[in-house]
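Asker: I'd like to go over a predicted model; first the sequence, then the structure.
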Amino acid sequence: MPVDNSLLRSIFLDYLRSNPDGQFSMMEDIQRYYNRREINLEVNDLQRIQQMIHELYAEGIIAFGRKINPPRGVTLQLFDHPFYHVTEYGEKVLDNTEYQPYDPDGYLQKLQAEITTVDPIIIRYLEECLSCFRRNLLLSAAVTLGCASEKAILLLTGVFGETLEGDDKVAFQKETNTYIISRKYRALWSRLEPVSSSLPDNLGYNLESIIHNTFDIIRATRNEAGHPSGNIIEKETVHANLLLFPIFCKRIYKLIEHFSGT
């Protein structure tokens, strides 16, 4: 039975983490690595691993040839195929073992397992974001991640508004009756931040960094990408934002649970 694609890719990234230099001319080492996880690879699995290898070259995680750091008197060829090495960027990517954007299925499965009620619109935008990110379509990745974070804020804004009473509720509804997300968020944060210290179960802990600063960072990147400014969106920036998003989203949903009483 073929191995689940997410598991296949996740273990292969572990293999690269453990073997940052090597060669792909023989598959025995890779097969043994999977066997130690009690996974027997079939021909179809090996074909998919071949495809993953090409994808990881294209994504800049690995490069052709051994790392150029030879002992004295030894000359290496620049494109010493079938040898490979993990790039400097790849080392930073593989350091992260929690949420891995280069394992999109695993990223989404983990988020849905940790937030069982996560809105399907958030997942849809994340799917698009992860797909664009891996294909180096960074403008699109930045915009779709911004949309996912905006949907999370809109959900929290709606739930929080129902906890208000009297004139403050009327004022909040008036302030948030706009399509401009910055105005909606300003109305939310101006009321949420003052009560953060009184929130139970550490919900208020580091709230400014986890909610306010993260949303500001992701939205700023989205705005740079979404307006014809000509600004360059760096891959490292989108990657960092993708690592921040699960922390941000999980706290949003904890707040939603609290304010909705669920």
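Answerer: Great, that's in hand.
Asker: Show me what counts as buried in stretch 211-221.
Answerer: By neighbour count with 16 or more other CB atoms under 10 Å, stretch 211-221 contains the buried residues I211, H212, T214, F215, I217, I218, R219, T221. Every C-beta, even on glycine, is put in place using the N, C-alpha and C of the backbone.
Asker: Mind checking which of the residues you listed land in helices?
Answerer: Counting by DSSP state H, the buried residues of stretch 211-221 place T214, F215, I217, I218, R219, T221 in helices.
Asker: what residue ranges in the stretch 151-262 of the chain score low on pLDDT?
Answerer: For the stretch 151-262 of the chain, no stretch has pLDDT under 70.
Asker: could you pull out the helices for this structure?
Answerer: 5-18, 28-36, 43-58, 88-95, 104-114, 120-134, 138-161, 166-176, 181-192, 207, 214-226, 235-260.
Asker: So for I68, which of those sits nearest?
Answerer: Shortest separation from I68 across these is recorded for helix 88-95, at 12.0 Å, computed as CB to CB.
Asker: just how off-centre is that closest one within its chain?
Answerer: Offset of helix 88-95 from its chain centre (CA atoms, centre = their mean, to the nearest Å): 14 Å.
Asker: Check which helices and strands it is in contact with.
Answerer: Contact here means 3 or more CB pairs under 8 Å, 6 or more residues apart in numbering; DSSP states H and E; on that basis helix 88-95 packs against helix 5-18, helix 235-260.
Asker: could you redo the ones you listed as CSV and give each row distance to K184?
Answerer: Below are those laid out as CSV (distance: least, CB to CB, whole Å):
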stretch, distance to K184
helix 5-18, 35
helix 235-260, 14
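Asker: sorry, back to before: go through the ones in helices among the buried residues of stretch 211-221 and say which is closest to S260.
Answerer: Nearest to S260 among these: F215, at 19.8 Å, using CB to CB.
Asker: related to what we said a few turns ago, can I get the helices and strands packed on helix 88-95 in a markdown table including mean neighbour count and distance to E91?
Answerer: Formatted as a markdown table, these follow (neighbours: other CB atoms under 10 Å; distance: least, CB to CB, whole Å):
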| stretch | mean neighbour count | distance to E91 |
| --- | --- | --- |
| helix 5-18 | 18 | 9 |
| helix 235-260 | 19 | 13 |
